[in-house]
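> got a sequence here, can you model it:
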Amino acid sequence: MTMLTRRRLLQAGAGLVPAVALGARPAEAETAAIPTTGVVPSALAGFDSAMKTFITERNISCAQLAVAKGGKILLARGYGAYTKAGASVLVQPTSLFRIASLSKSLTGAALARLAQDGKVSLGAKVSTLLGLSTTADPRLANVTVWRLLQHTGGWNRDVTPDPLWNDTNIAAALDLSLPVGHADIIKYVSARKLDFDPGAKYVYSNYGYMLAGRVIEKISGMSYESYIRQQLLSPVGISRMRLGRSLRSQAFSTEVPYESKYTRKSVVDDSGAVVPFPFGGFNMPNQDANGGWVASAVDMVKWGFVFDAPGVVLNKTSISRVFAKPETGVNSGGSWYGLGWHVRNNNVGTLNTWHNGSMPGTFSFLARVQNGVSYCAIFNRREEEGSPDFDVIDPILGKAISTVKTWPTTDLTSRYF
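I've put the predicted structure just below:
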């Protein structure tokens, strides 16, 4: 995530900055031609209009939006269509998308729950929990679970390439065939020095969250996916979400295709084949705890309700831990990183929390803002060279809140769960 991205994310629906101008708006005929499914109450038409414009400007073929207030899902929309087995399929509000780093909120909550249940301390040393050698860098002994989850563990992907996207070099260094797995990645990274002292500063780290997934497995005695689904999702009736797969042929029956103009040599085998970047250019199973889930926008909005309802999955203490300020404190923009969420104080004395997700073929954004409003948008492509900015979905949807004169009261949740 770039500094510019973080600066924009700081606004996250708080209405502090206007949407970024993107030139002439698409003609009404263009946006009206987008196939749609689901329910959009007339009072929330501003959200729908904003999404259609965003989609048209970026030539996005598949997208979703869900909007909620006060624990009720009020808007659930699928946009676009794709071809499967020779037939055109409309995107539904329940279609599955890769959500990329929105996955981190699940991983953070899982460790908060394990701490709540007395099974681990968030202050525990990760090297001890996972049996990692500290020979290459004794500072690794100072990496705690807190520091993994708050991105202060000591890894900087701008200095040392992100190991979750460095499969070929890791395989070569360890004299292995592709694909590499979690254990291989950990062996490779643990043999190298950290990029900075743990706890000294915030630097976003996918590797830290991958390690957090292994802590969940070690402490719970379950697979990462099973623990999340059984202990976090099942209690709130979310059953569609699961870990994604690498190849197009492995896609789930209701999962959309992903688009990118880029190709890459496959990292899921040693064939040397050049593949579309979203389908074998990276290893989805390795992304699990940092970016591996597939979900729908309604799933993610409902997941966000967990943090407004102490006792359902997390108690009040655990929720406060999820959003607690790290030892590095508040950044210059007034926000901080909790356990899988960006966090800031808002205008009404509560917290705005949000996250984006980005990988080849995916862009996603989830926010919980003031007055109980939350929303999630997901797309089957991300910003690439020559395309308009995708991060502006944040202020665009934040601005759409101001178009609502009276919030509807009909809860759509039972329609989709």
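> the bottom helix or strand of this structure by mean pLDDT?
helix 3-9 (a mean of 35; mean pLDDT, DSSP states H and E).
> for the chain, which strand is longest?
Assignment by DSSP state E gives strand 72-84 as the longest strand of the chain.
> name the next helix or strand downstream of it, please.
Sequence-wise, the next helix or strand downstream of strand 72-84 (DSSP states H and E) is strand 87-90.
> the helix or strand that that following strand is followed by - contacts with which helices or strands?
With elements assigned by DSSP H and E, the helix or strand that comes after strand 87-90 is strand 97-98. Counting contacts by 3 or more CB pairs under 8 Å, 6 or more residues apart in numbering; DSSP states H and E, strand 97-98 packs against strand 293-295, strand 362-368. Bear in mind the C-beta positions are built from the backbone N, C-alpha and C, glycine included.
> show me where this structure dips below the pLDDT cut-off.
Scanning the chain for pLDDT under 70 picks out 1-29.
> which parts of it are strands?
For the chain, applying DSSP E gives strands covering 36-39, 62-69, 72-84, 87-90, 97-98, 242-243, 263-265, 274-276, 293-295, 335-337, 342-345, 351-359, 362-368, 373-379.
> and the second one, how far from the chain's centre?
Strand 62-69 has its average C-alpha position 15 Å from the chain's average C-alpha position, going by CA atoms, centre = their mean, to the nearest Å.
> angle of that strand against strand 72-84?
On the basis of axes from the mean of the first three to the mean of the last three CA atoms, to 10 degrees, strand 62-69 is oriented at 170 degrees to strand 72-84.
> what angle sits between strand 62-69 and strand 373-379?
Using the same axes, to 10 degrees: strand 62-69 against strand 373-379 is 180 degrees.
> next one: the longest one
Here strand 72-84 runs at an angle of 0 degrees relative to strand 373-379 (the same axes, to 10 degrees).
> give me the sheet partners of strand 72-84 and which way each runs.
strand 36-39 (antiparallel), strand 62-69 (antiparallel), strand 87-90 (antiparallel) (DSSP bridges).
> among these, which is nearest Gly108?
Gly108 lies closest to strand 62-69 among the strands paired with strand 72-84, at 20.5 Å (CB to CB).
> got the CA positions of that closest one in CSV?
The C-alpha coordinates for strand 62-69 follow below in CSV (Å, rounded to 0.1, in the frame of the first residue of the first chain):
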residue,chain,number,x,y,z
CYS,A,62,-18.1,-7.7,-12.3
ALA,A,63,-18.7,-5.9,-9.1
GLN,A,64,-20.8,-5.8,-5.9
LEU,A,65,-22.0,-3.3,-3.3
ALA,A,66,-23.6,-3.8,0.1
VAL,A,67,-24.7,-1.0,2.4
ALA,A,68,-26.0,-1.3,6.0
LYS,A,69,-27.0,0.8,8.9
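> need the residues that contact that strand.
For strand 62-69, contacts defined as CB atoms under 8 Å, 6 or more residues apart in numbering pick out 44, 47-48, 51, 55, 73-82, 91, 93, 95, 97, 256-257, 296-298, 300-302, 304-305, 371-380, 407.
> so among the residues you listed, which ones count as buried?
By neighbour count, with 16 or more other CB atoms under 10 Å, these hold 44, 47-48, 51, 55, 73-82, 91, 93, 95, 97, 256-257, 296-298, 300-302, 304-305, 373-380, 407 as buried.
> residue most distant from the centroid, this structure?
Thr135 (33.1 Å; CA atoms, centre = their mean).
> between the two ends of stretch 269-284, how far is it?
Start-to-end span of stretch 269-284 (CA to CA, to the nearest Å) is 13 Å.
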